[in-house]
Every structure is written in C-alpha cells, then in structure tokens.
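Chemist: Make a model of this:
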Amino acid sequence: MKTTKTYETIIKDKYLRDKDLGQLRPNLINLTRGNIRIVCLNLIDENLSITDEKVFKNYFKNETVHDLRRQVEDYDIEGFRPIYNFLKGDTETIQSYNALELIAVLINFHPRPYNYYRNENIEPKETEATETTEATEATEATEATEATKSLNYVSDLENGTSTIVIKPKNKNFFFWYSNASIASKILLFSGTFLLITLISISTKHILYNETRWMVWQDDHYVEVAFDSQTYNINELKLYKEDRILHFREISVTCDTIFFDKNGDVKFWYGKNTDKALEYFTALGLHPETGKTLKPITKYMIDTHICKEPQQ
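Modeler: Residues are numbered from 1 along each chain as shown. Next up, the predicted model:
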C-alpha cells in the first residue's frame, strides 16, 4: 500500500543510491544547507515544470515577495536544516510535507508529487495458476510455485517505482539453478556483478560527459569538462550561457558609473571568503561563498568606494 511513509522511504533510498553512483548534482553530493539553495536556484534557471514550480512556491512561500527566484535568495538557509538532517541520516523522517516534495524535485524523483506516486498503477494483474488434477502433485506444485515467485520479483527503483511482478516464459531457470554446480553458480553471479559494474560505469560516463560544466576562473566563468581530479567538486557548476557571457568580477572606482539612465543599478557586490568586498556585473551568487549578491547603493559607494561622498 502506498502511503506518505513509503513515499518518504523510496525518496530517501533514491538519494542514497544516486549519491553512491555519483548521479546527483555535485552540490547535493557535497551536501550543505547553502548548497541546497544553490541547487534550487539552478533549477529555477533551468525552467521548472508547472508542477515543480508549485512545489517551490509552497515551500518558499513569501507574502511580501512575488518573484520565485528572489524568494529562494531571501530564504534563511537555516530553514533547510530538516532537509539536511534527513538526507544526512541524522533524522529518520521529515515532518514537513512541502520539504519532502522539494527533495523529490531536487533529486529528480519520479513519479512526483505524492498524488502522482499514490495513483500510479504499476502492478499488472497476475494470471490465476492452473489447477492441478492430481492430488498427489498438489503439494509439490505449490512449493515449486512459491519458490519460483521468489525469483520473479524484480525491484526497479532506478526511477523511484515500486516492485514489479514479472512472469518469465522460461521456467527452467529454477530447475537449473537448483541442480547447478557451485562453480556454475559462482560464474553466474560473477557475470552478473561484472554486468552491473559496467552499466554503472557507463551511466557515470554518460552523465558527466554529456552534461556541460563550468568553473570560476579569476574573474569570470569558463566552460570545462567534468574532471574531479583537476577541480574540487564544489567548483564545478552546471553550464549557463548567461553566466559565461554576462557575469564578471570588476574593479570599481569613484569614477565608475554605477546606475543607468533610468536609475537602475549596473553592479552588485558581496564579500569573498577573506571578507573583502568584490563587485560583479550581474545579480547572482558569489562564486566562492554561494551567497546572494546585493545591489550597489549610494551608501556603499560613499563609504567603501569613494573617500568623498558623490555630489
């Protein structure tokens, strides 16, 4: 029976499995509350589905701010602690339904949300067993059927689905397995393990080589191939053309024109890991700290850039 508890369990299982396989976004593999916000902002930039956008709005609901991205940027990362504790295993359950749905979006769990998961029909009807006509064979037939059933259940959790019942046409496997030599059984399991390993490696190769990545270099982002040996996992970010073309760190002086003709800001600022102010050409997250940049103000210009207040 599908309940919110089974929904919670299967989402947690997918997170742990994808983490082991390296199939999560880098910021979710190296999980922090700040990285959870970064992934949320990345998903907004990648265009959420209508259903996923509703999940975000329910979680980040802010009556005073209507822009979804701004809601995420203004959200206190301390609010992510229940999600962090749940995924890290510090807590066995998560109380907030909206938080659970947000996790489902972050790790791309399907089917989501819960009402889709609950109503999905994934268990085909089984055909009735043929009745035996000889009473002396009834007990043996029942035992064989039960033993065969144990081999016919295959878990398909790759896409977050429940157990599927499969009835193979060839029923000779159970007979062969029961009578096979130990060497044959070892060979069977060794081949199966090798196949699973090759599939896992291929999956990782496709994931990391078909996805485009970028890293911060000096004062701008550059596109790179995924390479965990060359780059720290926190440095690798999903490629965004807008960040490559328009997001740069600049040096400013008292002579810099900080506002356009309409009075709108042209630059944003934030502190690096050394607490030094840095200035950027677009709104976003600081490349080092992951904190949301702030728009330049006359106060900041007067107190941190110009020795004399601008007239």
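
Chemist: Which of the residues in whichever strand or helix holds V55 are classified as buried?
Modeler: When elements are defined using DSSP states H and E, V55 is found to belong to helix 50-59. Residues D52, V55, F56, Y59 are the ones in helix 50-59 that count as buried (16 or more other CB atoms under 10 Å). All C-beta atoms are positioned from the backbone trio N, CA, C, and that covers glycine.

Chemist: Same check on stretch 26-33?
Modeler: Buried residues in stretch 26-33, defined by neighbour count with 16+ other CB under 10 Å: P26, N27, L28, L31.

Chemist: Let me know the closest of the residues you listed to F247.
Modeler: Sorting the buried residues of stretch 26-33 by distance to F247 puts N27 at the head of the list, at 17.7 Å, by CB to CB.

Chemist: ok, that closest one touching R37?
Modeler: No: under the criterion of CB atoms under 8 Å, N27 makes no contact with R37, lying 9.2 Å away.

Chemist: Could you pull out the strands in the stretch 151-300 of the chain for me?
Modeler: Using DSSP state E, counting those that start in this stretch, the strands assigned to the stretch 151-300 of the chain run over residues 153-154, 164-165, 213-217, 220-224, 237-238, 249-250, 268-271, 277-280, 294-295.

Chemist: is it possible to export these to JSON lines including mean pLDDT, mean neighbour count and distance to L106?
Modeler: As requested, the strands of the stretch 151-300 of the chain are exported to JSON lines (pLDDT from 0 to 100; neighbours: other CB atoms under 10 Å; distance: least, CB to CB, whole Å):
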{"stretch": "strand 153-154", "mean pLDDT": "39", "mean neighbour count": "10", "distance to L106": "27"}
{"stretch": "strand 164-165", "mean pLDDT": "42", "mean neighbour count": "13", "distance to L106": "26"}
{"stretch": "strand 213-217", "mean pLDDT": "90", "mean neighbour count": "16", "distance to L106": "19"}
{"stretch": "strand 220-224", "mean pLDDT": "93", "mean neighbour count": "16", "distance to L106": "23"}
{"stretch": "strand 237-238", "mean pLDDT": "86", "mean neighbour count": "18", "distance to L106": "13"}
{"stretch": "strand 249-250", "mean pLDDT": "94", "mean neighbour count": "14", "distance to L106": "29"}
{"stretch": "strand 268-271", "mean pLDDT": "93", "mean neighbour count": "18", "distance to L106": "24"}
{"stretch": "strand 277-280", "mean pLDDT": "95", "mean neighbour count": "18", "distance to L106": "26"}
{"stretch": "strand 294-295", "mean pLDDT": "91", "mean neighbour count": "14", "distance to L106": "26"}
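
Chemist: Would you convert those strands into TSV that also reports distance to H66?
Modeler: Formatted as TSV, the entries for those read as follows, by distance: least, CB to CB, whole Å:
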stretch	distance to H66
strand 153-154	47
strand 164-165	43
strand 213-217	30
strand 220-224	29
strand 237-238	26
strand 249-250	30
strand 268-271	21
strand 277-280	25
strand 294-295	18
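
Chemist: and of the ones you listed, who's closest to K88?
Modeler: With CB to CB as the criterion, K88 lies closest to strand 237-238 of the strands of the stretch 151-300 of the chain, at 22.3 Å.

Chemist: Buried residues of the one helix or strand I83 maps to, list them for me.
Modeler: With the criterion set as DSSP H and E, the secondary-structure element containing I83 is helix 81-88. Residues of helix 81-88 classed as buried under the neighbour-count rule (16+ other CB under 10 Å) are P82, I83, Y84, F86, L87.

Chemist: Who does K237 form a beta bridge with?
Modeler: Listed beta-bridge partners, K237: M214 (assigned using DSSP bridges).

Chemist: quick revisit: and which of the buried residues of helix 81-88 is nearest D260?
Modeler: The closest of the buried residues of helix 81-88 to D260 turns out to be I83 (CB to CB; 38.9 Å).

Chemist: what about F56, distance to D13?
Modeler: Taking CB to CB, to the nearest Å as the criterion, F56 is separated from D13 by 23 Å.

Chemist: For the residue nearest to T281 when sequence neighbours are not counted, list the residues it contacts.
Modeler: When the adjacent residues along the chain are set aside, T281 lies closest to R248, with 4.9 Å between them (CB to CB, 6 or more residues apart in numbering). Contacts here follow CB atoms under 8 Å, 6 or more residues apart in numbering; on that basis R248 touches D219, H220, F280, T281, A282.

Chemist: would CSV of the buried residues of stretch 26-33 with pLDDT and distance to K294 be doable?
Modeler: Putting those into CSV (pLDDT from 0 to 100; distance: CB to CB, whole Å) gives the following:
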residue, pLDDT, distance to K294
P26, 88, 26
N27, 88, 22
L28, 92, 26
L31, 91, 26
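
Chemist: which residue packs closest to T51, ignoring adjacent ones?
Modeler: Leaving aside its sequence neighbours, T51 sits nearest to P113 (CB to CB, 6+ apart; 6.6 Å).

Chemist: wait, what's in contact with that neighbour?
Modeler: With contacts taken as CB under 8 Å, 6+ apart, P113 has the following neighbours: T51, V55, E101, A104.
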